[in-house]
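Enquirer: Got a sequence here, can you build the structure:
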Amino acid sequence: MGIAQLDEVNQRIKEAALRFGPLSEDAPAPKLIAVSKTFDADQIDPILSAGQKHFGENRVQEAQGKWPTLKEKYDGIVLHLIGPLQTNKVKDAVALFDVIHSVDREKLAKALAKEFTASGRKLPVFVQVNIGEEPQKAGIAPSETVEFVKTCQNTYGLDVRGLMCIPPAGAPAAPYFAQLAELAKGADLHELSMGMSADFDTAVEMGATYVRVGSAIFGHRDYSAH
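Expert: Here you go, the predicted model:
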C-alpha cells in the first residue's frame with residue numbers, strides 16, 4: 001500500500017467533489033488528511049515524499065514518537081489531532097499539532113484557551129459532534145452544538161473553524177453527514193471534517209472540506225503493536 005493508493009484516493013475525492021459541484025478557487029476540492037495512526041515513520045515517509053502534507057493522529061504520545069523528526073525533514077506538514085484529547089495532554093498537543101478536531105467539552109475548551117495564551121500558539125479547532133448520539137462516543141450532542149460553538153468562541157476565544165463527526169458504524173452515513181452540514185450552517189461555520197476510508201466519497205458529496213483516510217492509503221493496521 002502507499003503511493004498508488006494515495007493517488008487513487010485523491011482521484012476519488014476530486015471525482016466526488018465534481019459531483020457535489022464545480023471546483024474553483026472559492027470551492028476547492030476537500031483536503032485529504034492521511035491518517036497515520038499505528039504506522040511508523042518509515043511507512044509514512046513515502047507518502048510524505050509523494051507530496052502529501054496533511055496527516056492525522058489519534059494519540060498525542062504516539063505522535064510525539066515520530067512527527068518531530070518528520071517535521072524537521074519535510075516542510076509544510078499540517079498535523080491534525082483527530083482523536084480524543086485529555087486535558088493533561090493539552091500542552092503537548094498544542095506544541096506538536098497544527099489543528100485539533102476533537103474539542104468536545106467545556107473543560108477542554110478552557111484548557112486549550114489557557115495553553116494558547118501561555119504558549120502564544122493559537123491553533124484552529126473543530127468541535128466534535130456525537131452525531132449518532134452514541135453513549136460510547138465522545139462529542140457534543142447535536143442539540144447542544146450551536147450553543148457550545150458560541151461558548152468556545154465567545155467565552156474562550158477559540159478559533160472554531162468547523163465541525164467533526166464519526167457516524168455510527170454500519171449505518172448509512174449520508175443522513176449523518178447532511179445533519180452535520182446543517183448544524184455547521186446554524187453555527188455559521190464553513191468547514192466540515194467528516195468521512196473516512198469506508199465513506200469519504202459520500203462525505204465529499206455532502207460537503208466535507210476535510211476527509212480523514214487511513215487504511216485506504218496505508219493498508220491494514222496492526223493494533224497489537226500499539
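
Enquirer: Surely Gln64 is in contact with Asp92?
Expert: Yes: using C-beta atoms under 8 Å, Gln64 is in contact with Asp92, at 6.5 Å. Any C-beta I mention is one placed from the backbone N, CA and C, and that applies to glycine too.

Enquirer: just checking, what's the longest helix in the chain?
Expert: Ranked by residue count, the top helix of the chain under DSSP state H comes out as helix 3-20.

Enquirer: Tell me which stretches of the chain form strands.
Expert: Using DSSP state E, the strands found in the chain span residues 31-35, 54-57, 78-81, 99-103, 124-129, 159-165, 191-193, 210-213.

Enquirer: And the ones you listed: which comes nearest Asp199?
Expert: Proximity to Asp199 (C-beta to C-beta) singles out strand 210-213 among these, at 9.0 Å.

Enquirer: Now tell me what touches that closest one from outside.
Expert: 9, 13, 30-35, 54, 56, 80, 82, 101, 162, 191-197, 200, 203-204 (C-beta atoms under 8 Å, 6 or more residues apart in numbering).

Enquirer: Excluding covalently adjacent residues, which one is nearest to Phe177?
Expert: Closest residue to Phe177 apart from its sequence neighbours, by C-beta to C-beta, 6 or more residues apart in numbering: Met206 at 3.8 Å.

Enquirer: Do you know the pLDDT at Pro22?
Expert: Pro22 is assigned a predicted lDDT (pLDDT) of 76.

Enquirer: And for it, the neighbour number?
Expert: 8 (other C-beta atoms under 10 Å).

Enquirer: got it, and Gly2?
Expert: Neighbours around Gly2, by other C-beta under 10 Å: 15.

Enquirer: Repeat that for Ala29.
Expert: By other C-beta under 10 Å, 17 other residues sit near Ala29.

Enquirer: Can you check the pLDDT for it?
Expert: 84.

Enquirer: one step back: just send the strands of the chain back as TSV, with mean neighbour count too.
Expert: Converted to TSV, the strands of the chain look like this (neighbours: other C-beta atoms under 10 Å):
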stretch	mean neighbour count
strand 31-35	23
strand 54-57	24
strand 78-81	21
strand 99-103	24
strand 124-129	25
strand 159-165	23
strand 191-193	25
strand 210-213	26
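
Enquirer: Go through those and name the closest to Thr145.
Expert: strand 124-129 (5.3 Å).

Enquirer: and the angle from that closest one to strand 99-103?
Expert: Here strand 124-129 runs at an angle of 30 degrees relative to strand 99-103 (axes from the mean of the first three to the mean of the last three C-alpha atoms, to 10 degrees).

Enquirer: What's the mean pLDDT across strand 124-129?
Expert: Mean pLDDT, computed over strand 124-129, is 98.

Enquirer: Not counting residues beside it along the chain, what's closest to Arg19?
Expert: Glu205 (5.5 Å).

Enquirer: And for the one you found, the neighbour number?
Expert: Other residues within reach of Glu205, judged by other C-beta under 10 Å, total 18.

Enquirer: Contacts only, for it.
Expert: Ala16, Arg19, Phe20, Ala174.

Enquirer: Wait, Val103 touches Leu158, no?
Expert: Yes: here Val103 reaches Leu158: they are 7.1 Å apart, a contact under C-beta under 8 Å.

Enquirer: For Lys122, see how far away Leu96 is.
Expert: Computed as C-beta to C-beta, to the nearest Å, the Leu96 to Lys122 distance reads 15 Å.

Enquirer: Could you list every helix and strand that the longest helix of the chain packs against?
Expert: If you count contacts as 3 or more C-beta pairs under 8 Å, 6 or more residues apart in numbering; DSSP states H and E, helix 3-20 packs onto strand 31-35, helix 41-49, helix 200-205, helix 215-218.
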